[in-house]
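>>> Okay, predicted coordinates and the sequence, questions at the end:
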Amino acid sequence: MENTTSETFEAHLSDHKGQVIQCNLYIDIAPENKEKITVRCINEKNKTELKAKLKDEKWNSINTDQTAKEAFDKFWYRLLEILDTTCPIKTVTKLKRNLKKKLIRIRR
């Protein structure tokens, strides 16, 4: 290989010799793909708060004089409202590593 040098030397550590190889190579590391994802913040404190709010909610008001769809929609929106206050949504950057693209390319 061009741009390569090697040399043998006495290390005086044993009866073996050492060898140094110097390679002048340029390498490119493929960039990481960053993807934004939306997640809900859930931890022990949030879970305790969520359980308490769900327990304290008056669910009887949902199924009074409504069709099944209206009752479900009312339940769903109330559940989402409680979730949004106790376990907020945030956007985070997820590092997506594609092993095929993570290879080191050698430039000569």
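Arrived safely.
>>> Quick check: the residue most central in space within the chain vs Asp84, distance?
Of all residues in the chain, the one closest to the mean position by C-alpha atoms, centre = their mean is Lys94, 3.9 Å from it. Distance, Lys94 to Asp84, by C-beta to C-beta, to the nearest Å: 22 Å. Any C-beta I mention is one placed from the backbone N, CA and C, and that applies to glycine too.
>>> same question for stretch 56-72, mean pLDDT?
The predicted model assigns stretch 56-72 a mean pLDDT of 82.
>>> So which bits of that stretch are buried?
Buried residues in stretch 56-72, counted by 16 or more other C-beta atoms under 10 Å: Ile62.
>>> how deep is Val92 tucked in, by neighbour count?
10 (other C-beta atoms under 10 Å).
>>> Who does it form a beta bridge with?
On the basis of DSSP bridges, Val92 is bridged to Ile37.
>>> Make residue 1 into 678 and carry on from there
Yes, from this point I'll number from 678; that puts the last item at Val769.
>>> Against Glu721, how distant is it?
Applying C-beta to C-beta, the value for Val769 to Glu721 is 19 Å.
>>> now the closest residue to Asn701 other than its chain neighbours: how far from Lys767?
Counting by C-beta to C-beta, 6 or more residues apart in numbering, Asn680 is the residue found nearest to Asn701 once chain neighbours are left out, at 3.9 Å. Note on Asn680: its distance to Lys767, by C-beta to C-beta, is 48 Å.
>>> same check, this time on Lys694
For Lys694, the distance to Lys767 (C-beta to C-beta) stands at 59 Å.
>>> for Asn737, same thing?
Counting by C-beta to C-beta - Asn737 and Lys767 are separated by 33 Å.
>>> before we move on, what about Val697?
Val697 is 51 Å from Lys767, by C-beta to C-beta.
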